[in-house]
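**Q** here's a sequence, model it:
(chains A and B)
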Amino acid sequence: DTEVTQTPKHLVMGMTNKKSLKCEQHMGHRAMYWYKQKAKKPPELMFVYSYEKLSINESVPSRFSPECPNSSLLNLHLHALQPEDSALYLCASSQGNQPQHFGDGTRLSIL
Amino acid sequence: DAKTTQPPSMDCAEGRAANLPCNHSTISGNEYVYWYRQIHSQGPQYIIHGLKNNETNEMASLIITEDRKSSTLILPHATLRDTAVYYCIVREVWSGAGSYQLTFGKGTKLSVIP
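**A** Here you go, the predicted model:
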């Protein structure tokens, strides 16, 4: 069982739609992360939040907009995505020096 | 870029030990070796990490060479459920900041065969 919960598990959207991915953890972790994983490739870091503030943006296009409303919740807002944005989006959290815990991801398909 | 090199794939017979190698020849003294695995359709799962000494937990053992330029993850009795992609990651020792980065390489796809 994963302690990082991501919803929805699957999402299909058109290129003009607006949708959001949600990530939740109740382990008291103060760092939260978004990763993108294309098929048969390793995860790639997108954003890092530390104490609810964005600390790293790995040159991600502005059609991806992260939000951290509180220490337990991380959102990824999606708008005007392209077919090449189809991927598995993973959320992770960590506290201090402890290992990052990952959710099982949202599999996103752009039509 | 990832700082590690792993074989793309390996097979292991069920019940035997699986030994997964990793080269990290440019590792510095303030970097850990971390191992994660990713079972199909799941998120990465933490396995073990070490700095200089060998480490063991309920999942696996980690053997780090004395010069720290390579390591081996050992699953002592592989089962079919251990079939996964195994990632070896080099990570900086924590500086006290609130977060840290993990850079995944291509990993090794381990297939456990009945």
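
**Q** list the contacts for the residue nearest the centre of chain A?
**A** Chain A has A:Trp34 as the residue nearest its centroid, 3.5 Å off, counting by Cα atoms, centre = their mean. Applying Cβ atoms under 8 Å, 6 or more residues apart in numbering or on different chains to A:Trp34 gives the contacts A:23, A:45-47, A:66, A:74, A:76, A:89-91. Every residue, glycine included, has its C-beta placed from N, CA and C.

**Q** strand partners of the helix or strand encompassing it, parallel vs antiparallel please.
**A** Assigned by DSSP states H and E, A:Trp34 belongs to strand A:31-37. Next to strand A:31-37 in the sheet, as set by DSSP bridges, lie strand A:44-50 (antiparallel), strand A:87-94 (antiparallel).

**Q** that one: how far from the chain's middle?
**A** 5 Å (Cα atoms, centre = their mean, to the nearest Å).

**Q** again, but for stretch A:23-36
**A** With Cα atoms, centre = their mean, you get 9 Å for stretch A:23-36.

**Q** and what of stretch A:103-111?
**A** 10 Å.

**Q** the residue nearest to the centre of chain A and chain B, how far apart?
**A** Taking Cβ to the nearest Cβ, to the nearest Å as the measure, A:Trp34 falls 12 Å from chain B.

**Q** any idea of the angle the lowest-mean-pLDDT helix or strand in chain A forms with strand A:31-37?
**A** Ranked by mean pLDDT, DSSP states H and E, the helix or strand of chain A with the weakest confidence is strand A:53-57, at a mean of 93. On the basis of axes from the mean of the first three to the mean of the last three Cα atoms, to 10 degrees, strand A:53-57 is oriented at 30 degrees to strand A:31-37.

**Q** is strand A:53-57 in proximity to chain B?
**A** Yes. Judged by Cβ under 8 Å from any Cβ of the partner chain, strand A:53-57 comes into contact with chain B at A:55-56.

**Q** other SSEs contacting that strand?
**A** Under the contact criterion of 3 or more Cβ pairs under 8 Å, 6 or more residues apart in numbering or on different chains; DSSP states H and E, strand A:53-57 touches strand A:44-50, strand A:64-70.

**Q** deepest of those strands, which one?
**A** Of the helices and strands packed on strand A:53-57, the one with the most neighbours on average (mean count of other Cβ atoms under 10 Å in any protein chain shown) is strand A:44-50, at a mean of 20.

**Q** what's across from the most centrally placed residue in chain B in the sheet?
**A** In chain B, the centroid-proximal residue (Cα atoms, centre = their mean) is B:Trp35; its distance is 3.0 Å. Note on B:Trp35: beta-bridge partners by DSSP bridges are B:Ile48, B:Cys88.

**Q** residue contacts, it?
**A** By Cβ under 8 Å, 6+ apart, B:Trp35 lies in contact with B:22, B:46-49, B:60, B:62, B:73, B:86-89.

**Q** ranges for the strands of chain B?
**A** Taking DSSP state E as the test, the strands found in chain B are B:9-13, B:18-23, B:31-38, B:45-50, B:55-56, B:61-64, B:70-75, B:84-92, B:108-113.
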